[in-house]
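In: Generate coordinates for the sequence data below:
(2 chains)
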Amino acid sequence: MEVCLLAGKIMLENGGETYRVEDTMMRIASAYGAEGSQSFVMPTGIMFAVEGAETSTRLVRISQRSTNLSKVTQVNDISRRIAGGHLQPGEARKLLKDVECATPMYPLKIQLVLAALASGCFLILYDGTWSDMPAAMLCGGTGFWLLGRMTRLSSIRLFGELIAALAVGLLSYLVVHLGLGQQHSTIMIASVMPLVPGLLITNAVRDLMAGHLVSGISKGAEAFLTAFAIGAGIGIALTLNG
Amino acid sequence: MIADYLSQAIASFVGTACFGVIFQIPKRSLMQCGLAGMIGWLVYYGFIRADADPIAATWASAVLIGLIAHYLAIRFKVPVTVFSVSGIIPLVPGGMAYDAMLNVVQNDYQGAVQLGAKAFMLSGAIAVGLVFSEVINQLVKRVRTRAL
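Out: Next up, the predicted model:
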């Protein structure tokens, strides 16, 4: 029971799809001989019940969600091994605890550099010129850094995204003004790309397809809000520059 | 022409792989992830170059990315999202949304709604593309189990 909940919690907190979380928990439960288990997973909480000789139900609240797909992959591997009958409950619990406490695979600095690089690459994809690439990298990196900063400062993600997008917009004007770049619109578009909620979009679609209407719609709403915040930030930047 | 395709290929490969790092994808999957993104983007780019409708191009590319992601996920025993998530990022209609916002700021709401609807359709095409690849995958699975 505890192993199931821990596995589910880690997956959900790190960006696993809802149906995958439910599936994993049921598989672990049946591997450990609990027939007729029921799970109900939403983006903000897990309810899990085991029926049998001693019926019990537990509830876990998920308050923090971030993206760490390598943890999801690790839990996936562990659940495969459990289903194959290679892991005892005690060992599995220890392994899952290790995964939960593990530090992110890529430190923030590397993420920052690569987010900047990604912005530069997207500039090329959106028909930008190579000479604008450093400018896009600068703007994109700043935006990503600010998003990280702001989310630590306030728990409202929407605000952080708005500020980050606004900063990107203003900075791209500044960069063009200083002569480091030519097309401020392309630079701006490429630089906000690291803020785009790609994982939410994919997961929302996949959850809706799997019949998890509640989770799918709420994730879609979250993605929409993020997109709206980015749009509003860029909009403010555009207005300020008339 | 070839140089164009080459630079697009490199940029999409590096760009999607970088996105993989932002999503904390395991190191051993990063290469395949970039590859999925690159193939998807090249298909989209090819369609656009051939003057195809952007919605159709986005859809085709999303289907392809979904199929590749499914294949890789089964091959390497890794959740599907790992591969599909960064592949679809370049398809997100950022430019269109930007133009829509520009129109809003200039008080041209008619133009804004037009562009916004277009951007919405494009993101819909991504979603429908992913759904299609899922359906194809399920059909293949069913045929295989029946054949056994």
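
In: the helices in chain A, which residues?
Out: For chain A, the helices defined by DSSP state H cover A:2-13, A:18-31, A:69-83, A:89-101, A:108-125, A:133-153, A:157-177, A:184-192, A:198-209, A:213-240.

In: Buried deepest among those, which one?
Out: helix A:184-192 (a mean of 27; mean count of other Cβ atoms under 10 Å in any protein chain shown). For every residue, glycine as well, the C-beta is placed using N, CA and C.

In: ok, and what's touching that helix?
Out: A:119-120, A:122-123, A:125-128, A:132, A:135-136, A:139-140, A:143, A:165, A:168-169, A:171-173, A:175-176, A:181, A:230, A:234, A:237, B:94-95, B:98, B:102 (Cβ atoms under 8 Å, 6 or more residues apart in numbering or on different chains).

In: Which other helices and strands does the least confident helix or strand in chain A by mean pLDDT contact?
Out: Lowest on mean pLDDT, DSSP states H and E among the helices and strands of chain A sits helix A:198-209, with a mean of 81. Using 3 or more Cβ pairs under 8 Å, 6 or more residues apart in numbering or on different chains; DSSP states H and E, the elements in contact with helix A:198-209 are helix A:18-31, helix A:213-240, helix B:81-87, helix B:109-147.

In: can you tell me the average pLDDT over whatever helix or strand comes next after the shortest one?
Out: When you say that, I think you mean helix B:81-87. Note on helix B:81-87: by DSSP states H and E, the next helix or strand toward the C-terminus is helix B:94-105. Per-residue pLDDT over helix B:94-105 has a mean of 83.

In: same deal with stretch A:36-44?
Out: Throughout stretch A:36-44, pLDDT has a mean value of 85.

In: which residues are in contact with it?
Out: Contacts for stretch A:36-44 (Cβ under 8 Å, 6+ apart): A:4, A:8, A:12, A:18, A:21-22, A:25-26, A:29-30, A:46-52, A:61-63, A:65, A:212, A:214-215, A:218-219, A:222.

In: Model confidence score at the residue nearest to the spatial centre of chain A, please.
Out: By Cα atoms, centre = their mean, chain A has its centre lying nearest to residue A:67, at 3.2 Å. At residue A:67, the model reports a pLDDT of 83.

In: tell me the contacts of it?
Out: Neighbour list for residue A:67: A:14, A:15, A:199, B:22, B:23, B:24 [criterion: Cβ under 8 Å, 6+ apart].

In: what does the domain assignment say about chain A?
Out: Split into domains by automatic domain parsing, chain A comes to A:2-101, A:108-240.

In: Show me how far the first one is from its chain's centre.
Out: The chain centroid and the centroid of domain A:2-101 are separated by 19 Å under Cα atoms, centre = their mean, to the nearest Å.

In: For that domain, measure first residue to last.
Out: With Cα to Cα, to the nearest Å applied, domain A:2-101 spans 16 Å between its terminal residues.
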